[in-house]
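Novice: this one's sequence-less:
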């Protein structure tokens, strides 16, 4: 379709912000190697710099491959990984400055944190898949979809991953049942994520050192 000024503004603001973030990460990486007293390993900053370059490449592919759903979703996940890398650096730096040791978790609780994190990551991927396939309006009611608790869905079409936007690998158009499957899968996993986060917040609250984090998680 024709170029929309509003969309162009959104895309360009995103590019300028991304460039600013990249410059800050570059400065952080250089400073971490030049610092006379290294509080955390400079390899974290270096890994973050490499990753933001990869993320920029996926941003370019998002445009040149014309919103190819798998590429756009990978670009989203790259942004989440970048956020995680920055958070690790921020937390480790704060702990080093304050002289605070990381909280020690029992093995079952540590496993629970990892499993819950994986579920949240899966939910982010599914949310991205809903967005990149324009499947948001496949269900316009909640908690039912199209007046049913289990609407007509085609998961084989919905989760055919490597295909152009709106099409299947054979060139035919994706069906409405395929779009419904994409949307409803996102909802179903959301229920599991909600339960997992509630359980994790409760368990972390029992660990005295992590009660503040547990309250944030519960919120």
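Specialist: Thanks, I have the structure now. Please read these numbers as outputs of a predicted model, since none were measured by experiment.
Novice: What lies in contact with the one helix or strand residue 43 maps to?
Specialist: Take DSSP states H and E as the rule and residue 43 turns out to sit in helix 42-64. Outside helix 42-64, the residues that touch it by C-beta atoms under 8 Å, 6 or more residues apart in numbering are 15, 18, 21-22, 25-26, 28-29, 31-33, 35, 68, 71-72, 74-75, 78-79, 81-82, 85-86, 88-89, 92. All C-beta atoms are positioned from the backbone trio N, CA, C, and that covers glycine.
Novice: Check which residues of it are buried.
Specialist: Within helix 42-64, the residues scored as buried using 16 or more other C-beta atoms under 10 Å are 42, 44-46, 48-49, 51-52, 55-56, 58-59, 62.
Novice: Now tabulate those in a markdown table and tack on distance to residue 158 and pLDDT.
Specialist: As requested, those are exported to a markdown table (distance: C-beta to C-beta, whole Å; pLDDT from 0 to 100):
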| residue | distance to residue 158 | pLDDT |
| --- | --- | --- |
| 42 | 43 | 91 |
| 44 | 37 | 91 |
| 45 | 39 | 93 |
| 46 | 39 | 95 |
| 48 | 34 | 96 |
| 49 | 36 | 96 |
| 51 | 29 | 97 |
| 52 | 31 | 96 |
| 55 | 26 | 95 |
| 56 | 29 | 94 |
| 58 | 22 | 94 |
| 59 | 25 | 93 |
| 62 | 21 | 93 |
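Novice: Which member of those is positioned nearest residue 184?
Specialist: Using C-beta to C-beta, residue 62 is the member of the buried residues of helix 42-64 that lies nearest residue 184, at 25.7 Å.
Novice: Tell me how far that closest one lies from residue 3.
Specialist: The spacing between residue 62 and residue 3, counted by C-beta to C-beta, to the nearest Å, is 16 Å.
Novice: And for residue 154?
Specialist: 34 Å.
Novice: And the two? Which one has more around it.
Specialist: Using other C-beta atoms under 10 Å, the more surrounded residue of residue 154 and residue 3 is residue 154, with 17 against 6.
Novice: show me the contacts for the more buried one.
Specialist: Taking C-beta under 8 Å, 6+ apart as the contact definition, residue 154 lies against 175, 177-178, 180-181.
Novice: quick one: it and residue 40, what's the gap?
Specialist: Using C-beta to C-beta, we find residue 154 at a distance of 48 Å from residue 40.
Novice: circling back to that earlier point, which members of the contacts of residue 154 occur in helices, if any?
Specialist: Using DSSP state H, the subset of these located in helices is 177-178, 180-181.
Novice: Where does the prediction get shaky in the chain?
Specialist: Low-confidence regions of the chain, defined here as pLDDT under 70, cover residues 1.
Novice: what ranges do the strands span in it?
Specialist: According to DSSP state E, the chain carries no segments that qualify as strands.
Novice: Now the residue sitting furthest away from the middle of the chain, what are its backbone angles?
Specialist: Counting by C-alpha atoms, centre = their mean, the extreme residue of the chain relative to its mean C-alpha position is residue 36, 34.8 Å from that point. As for residue 36, its main-chain torsions (degrees, to the nearest 10) stand at phi -70, psi -30.
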